[in-house]
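**Q** predicted model and sequence follow; I will ask about them next.
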Amino acid sequence: AQTVTQSQPEMSVQEAETVTLSCTYDTSESDYYLFWYKQPPSRQMILVIRQEAYKQQNATENRFSVNFQKAAKSFSLKISDSQLGDAAMYFCAYRSAGGNQFYFGTGTSLTVIP
Amino acid sequence: NAGVTQTPKFQVLKTGQSMTLQCAQDMNHNSMYWYRQDPGMGLRLIYYSASEGTTDKGEVPNGYNVSRLNKREFSLRLESAAPSQTSVYFCASWRARRTDTQYFGPGTRLTVL
């Protein structure tokens, strides 16, 4: 089984500031997909951003961007101009291109301070 | 288009009772999954069904059974509930295309007393 590690159980950020959430993964595959999900207090899991391993360009979705370092097996999420609505649990996930299982990290709880 | 639906949203059981969690998706997805979420543990895969007619164990299958009733529906059964099965359960589906992500249901909070 693949291992996905989120080493920051909790993070906090001031409103309007920038925060980076860390994720590392262990794989011997060269083709795979990485995801960041947001889980607000409502419990609904929401896709934030995805990255294809064979694409060198880092994915960006509005205020959310990733820093994908394939050699280091690192996939961090940067949230710019943090808003109160960004407060949530964030999960990093991995899927091999040829596989049908998704592997999740243990999550990072983000608090946004007004 | 309701996406992934789960019933019930909340359930309290006594130790030894049985119950079935229901999941349905209307997106014509091939694969369906059951996860449990516990504090500090992330999402752990219980069972999945890569396609209609197949089911496979995930990381934590003990104490659970599943049925892929048809392409739309995937149920999770607890035959004899234990307090260790107190958790939030999520159903998810995936179209099984390379770039696609999973889509999740709203979750079921289960408490076993």
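**A** Yep, it's here. Residues are numbered from 1 along each chain as shown, chains lettered A, B, ... in the order given.

**Q** make it CA atoms for all contacts and neighbour counts henceforth
**A** Will do.

**Q** so the residue positioned nearest the centre of chain A, which of the three states?
**A** Most central residue of chain A, judged by C-alpha distance to the mean C-alpha position with Cα atoms, centre = their mean, is A:Trp36 at 3.4 Å. Three-state call for A:Trp36 (DSSP: H, G, I helix; E, B strand; the rest coil): strand.

**Q** contacts only, for the nearest residue to it once chain neighbours are set aside.
**A** Nearest residue to A:Trp36, sequence neighbours excluded (Cα to Cα, 6 or more residues apart in numbering or on different chains): A:Cys92, at 4.6 Å. Under the criterion of Cα atoms under 8 Å, 6 or more residues apart in numbering or on different chains, the neighbours of A:Cys92 are A:Val4, A:Gln6, A:Cys23, A:Leu34, A:Phe35, A:Trp36, A:Tyr37, A:Phe104, A:Gly105, A:Gly107.

**Q** enumerate every residue touching the second one.
**A** A:Gln6 sits next to A:Ser22, A:Cys23, A:Thr24, A:Cys92, A:Gly105, A:Thr106, A:Gly107, A:Thr108 when contact means Cα under 8 Å, 6+ apart.

**Q** now with 7 Å, please.
**A** Under the criterion of Cα atoms under 7 Å, 6 or more residues apart in numbering or on different chains, the contact partners of A:Gln6 comprise A:Ser22, A:Cys23, A:Thr24, A:Gly105, A:Thr106, A:Gly107, A:Thr108.

**Q** if you rank those by neighbours, which is first?
**A** A:Gly107 (31 neighbours; other Cα atoms under 10 Å in any protein chain shown).

**Q** for the closest residue to chain B within chain A, give its distance to A:Glu29.
**A** Chain B sits closest to A:Thr106 of chain A, with a gap of 3.8 Å, by Cα to the nearest Cα. Taken as Cα to Cα, to the nearest Å, the spacing of A:Thr106 relative to A:Glu29 amounts to 21 Å.

**Q** how about A:Ala97?
**A** Where A:Glu29 is concerned, A:Ala97 sits at a distance of 9 Å (Cα to Cα).

**Q** more neighbours: the two, which one.
**A** Taking A:Ala97 and A:Glu29 together and counting by other Cα under 10 Å, A:Ala97 has the greater number of neighbours (17 against 12).

**Q** tell me which residues touch the residue of chain A positioned farthest from its centre, please.
**A** Here chain A reaches farthest from its C-alpha mean at A:Pro114, the gap being 22.9 Å by Cα atoms, centre = their mean. Contacts of A:Pro114 were listed using Cα under 7 Å, 6+ apart, and they are A:Gln14, A:Glu15.
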